[in-house]
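**Student:** sequence and predicted structure are below.
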Amino acid sequence: MFELPDLPYGYNALEPYIDEATMKVHHDGHHATYVKNLNEVLEGHEEFLKMDVETLLKSLDKVPLEIQTKVKNNAGGHYHHSIFWTMMAPSGEGKPHGKLAETINQTFGGWEAFKEQFNHSALGVFGSGWTWLVLDSGKLVIVNTLNQDSPISRGEFPVLGLDLWEHAYYLKYQNKRADYIESWWKVVNWEEAEKRLEQASTK
Ligand code: MN3
């Protein structure tokens with residue numbers, strides 16, 4: 001069975017950038033529903049219920065066809081939100097440091113250039129989806145995915161991700177996605193992103 005992880009901080013911890021009401025409905029509503037639906041659709045399929053969610057997302061082709069889309073959507077939703085919570089922190093430092101900063105600078109030609117490219121990608125997501133910084137064959141790349149399709153399923157490892165579904169920002173920012181993105185940078189947990197980059201290099 002899959003379980004809803006607790007938030008690693010209080011609902012109001014990311015104020016004023018991400019508001020308490022949004023965090024409540026996003027975690028207790030949306031994320032909880034992905035977990036519930038995933039467990040329901042996999043009822044009787046013990047081999048998949050026993051997997052960790054990353055392995056499940058890499059094994060979608062082994063899931064029976066009639067439940068594959070539902071598993072993909074809900075496993076993706078569960079995995080993405082689980083990592084998204086940890087990719088934010090109340091005292092975000094605004095900029096990456098250490099090895100991650102170095103790699104970003106080498107890959108994108110500097111922090112500002114990276115941020116600009118990420119923002120451009122995030123503003124270009126049409127409908128619901130995510131923008132990610134992933135490690136793909138040893139190289140950092142910015143990619144978008146639609147709905148809850150996961151970079152993990154195509155062999156990319158997410159280092160950082162931004163939820164661009166309207167449920168992630170509409171209560172506070174309405175249609176002003178650019179303002180949400182700008183606020184989100186203020187709560188990015190760069191320590192976690194750096195940890196993920198290290199993890200990625202060992203996979
Ligand atoms: Mn969401």
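**Tutor:** Looks like it arrived, so ask away.
**Student:** burial count for the residue lying closest to residue 12 once chain neighbours are set aside?
**Tutor:** Among residues not flanking residue 12 along the chain, residue 20 sits closest, at 4.1 Å (CB to CB, 6 or more residues apart in numbering). Every C-beta, even on glycine, is put in place using the N, C-alpha and C of the backbone. Using other CB atoms under 10 Å, residue 20 has 16 other residues around it.
**Student:** what pLDDT, on average, does the helix or strand that contains residue 55 get?
**Tutor:** Taking DSSP states H and E as the criterion, residue 55 maps to helix 53-58. For helix 53-58, mean pLDDT rounds to 98.
**Student:** and the residue of the chain found nearest the ion, how close does it get to residue 7?
**Tutor:** Across the chain, no residue is closer to the ion than residue 163, which sits at 4.2 Å (CB to the ion). For residue 163, the distance to residue 7 equals 14 Å [CB to CB, to the nearest Å].
**Student:** neighbour count: these two, which is higher?
**Tutor:** More neighbours surround residue 163 than the other of residue 163 and residue 7, with 22 against 18 (other CB under 10 Å).
**Student:** give me the beta-bridge partners of the more buried one?
**Tutor:** Counting by DSSP bridges, residue 163 is bridged to residue 130.
**Student:** hey, where'd the strands end up in this protein?
**Tutor:** For the chain, strands defined by DSSP state E occupy the ranges 129-136, 139-146, 157-163.
**Student:** tell me the angle of the shortest one relative to strand 129-136?
**Tutor:** With axes from the mean of the first three to the mean of the last three CA atoms, to 10 degrees defining the directions, strand 157-163 sits at 160 degrees from strand 129-136.
**Student:** quick one on the thing from earlier: what packs against the helix holding residue 55?
**Tutor:** Other elements packing on helix 53-58 under the criterion 3 or more CB pairs under 8 Å, 6 or more residues apart in numbering; DSSP states H and E are helix 65-86.
**Student:** packing partners for the helix it packs on?
**Tutor:** Secondary-structure packing of helix 65-86 (3+ CB pairs under 8 Å, 6+ apart): helix 32-41, helix 53-58, strand 157-163.
**Student:** that one: which residues count as buried?
**Tutor:** Judged by neighbour count (16 or more other CB atoms under 10 Å), helix 65-86 contains these buried residues: 71-86.
**Student:** likewise stretch 180-194?
**Tutor:** Those would be 180-181, 183-184, 187-194, for stretch 180-194 by 16+ other CB under 10 Å.
**Student:** between these, which is nearest residue 14?
**Tutor:** Of all the buried residues of stretch 180-194, the one sitting nearest residue 14 is residue 187; the distance, using CB to CB, is 4.9 Å.
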